[in-house]
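Chemist: just to be clear, the model below is a prediction. Sequence and coordinates:
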Amino acid sequence: MGQTRLRVWQISGRGVSCYTNGIKVLLGVSGSIAAYKAADVVSALKKRDIEVSVVMSKHACGFITPLTMQALSQNYVYLDVLDEPVAEKIVHVDLPQSVDVFCLAPATANIIAKIAHGIADDQLSSMVLALPDATRKVVAPAMNTVMLENAATRSNLETLRNRGWEVIEPRTARLACGVEGRGALASVEDIVRAVLDER
Ligand SMILES: Cc1cc2nc3c(=O)[nH]c(=O)nc-3n(C[C@H](O)[C@H](O)[C@H](O)COP(=O)(O)O)c2cc1C
């Protein structure tokens, strides 16, 4: 029997958001050539009636616009850690407490390194640092093969695994740099399955 879902439309200073009584996902998008595929991840989750909030790094915005992510997620997109319009709440601390799953897709070598070292110098990395231990965290790396196989990246990914992150392994494919190799973002289907713990 299908689950009954309650939809609540909330009007705030941030506009209108639709909340569903299913799981809440926070999707982090970083500055990879594969960032446009994050739009498909949002669409696929919305089709499953999942509430999705999006936080993007500054460099992610060079690959896909926040407006696209806002339209698809039907939620405000978080960009700047100093953008704090609601006086009673501090966004980078408050939002991570309210989500069931954090998904970082695509994840650059840079954001993986920042997370491994606890760096919080923008909205995306600050929200990651504010995620409770109990929150499920999945990361889908996407990068050039040499960057992926660099000892620093391998060590940083191992650090994340040891802290309980689920790593969605990148695929071998022809990469944007023109080389065939490992580092392509996992398929949208695999990412959605991981987020929903359906693997
Ligand atoms: C065309 C282009 C494509 C890129 N794709 C990737 C990528 O897939 N993975 C990656 O780790 N970095 C990639 N980079 C480099 C990142 O954008 C860069 O390291 C940036 O600092 C990442 O910032 P962020 O992690 O804050 O989003 C790319 C850069 C360019 C110019």
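Modeler: Done, it's in.

Chemist: all strands for this protein, in order.
Modeler: 7-12, 15-20, 24-29, 51-56, 77-78, 101-107, 136-141, 166-167, 171-174, 180-184 (DSSP state E).

Chemist: next, the angle strand 24-29 makes with the fourth one.
Modeler: In this structure, strand 51-56 runs at an angle of 20 degrees to strand 24-29, with axes from the mean of the first three to the mean of the last three CA atoms, to 10 degrees as the basis.

Chemist: count the neighbours of the residue nearest to residue 92 when sequence neighbours are not counted for me.
Modeler: Taking CB to CB, 6 or more residues apart in numbering, and ignoring the residues beside it in sequence, residue 92 has residue 126 as its nearest neighbour in space, at 4.0 Å. Bear in mind the C-beta positions are built from the backbone N, C-alpha and C, glycine included. For residue 126, the count of nearby residues is 19 (other CB atoms under 10 Å).

Chemist: need the residues of this protein near the ligand, please.
Modeler: 30-34, 57, 59-60, 108-111, 142-143, 147, 176 (CB under 6 Å from any ligand atom).

Chemist: one step back: now render the strands of the chain as TSV, adding mean neighbour count and mean pLDDT.
Modeler: Output for the strands of the chain, formatted as TSV (neighbours: other CB atoms under 10 Å; pLDDT from 0 to 100):
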stretch	mean neighbour count	mean pLDDT
strand 7-12	10	49
strand 15-20	14	47
strand 24-29	26	98
strand 51-56	26	98
strand 77-78	22	97
strand 101-107	26	98
strand 136-141	23	98
strand 166-167	18	98
strand 171-174	12	95
strand 180-184	18	96
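
Chemist: residue 66: which of those is closest?
Modeler: Closest approach to residue 66 among these (CB to CB): strand 77-78, 4.2 Å.

Chemist: what pairs with the closest one, parallel or antiparallel?
Modeler: strand 51-56 (parallel) (DSSP bridges).

Chemist: chain center to the strand it pairs with: distance?
Modeler: 7 Å (CA atoms, centre = their mean, to the nearest Å).

Chemist: do the same with stretch 163-179
Modeler: How far stretch 163-179 lies from its chain's middle: 15 Å, per CA atoms, centre = their mean.

Chemist: contact partners of that stretch?
Modeler: Residues outside stretch 163-179 that contact it (CB atoms under 8 Å, 6 or more residues apart in numbering): 33, 105, 133, 136-145, 148, 157, 160-161, 180-187, 190-191, 194.

Chemist: what do you get for stretch 140-153?
Modeler: Here stretch 140-153 has contacts from 32-34, 103-109, 112-113, 154, 157, 167-168, 170, 175, 177, 179, 181-186, 190-191, 194, using CB under 8 Å, 6+ apart.
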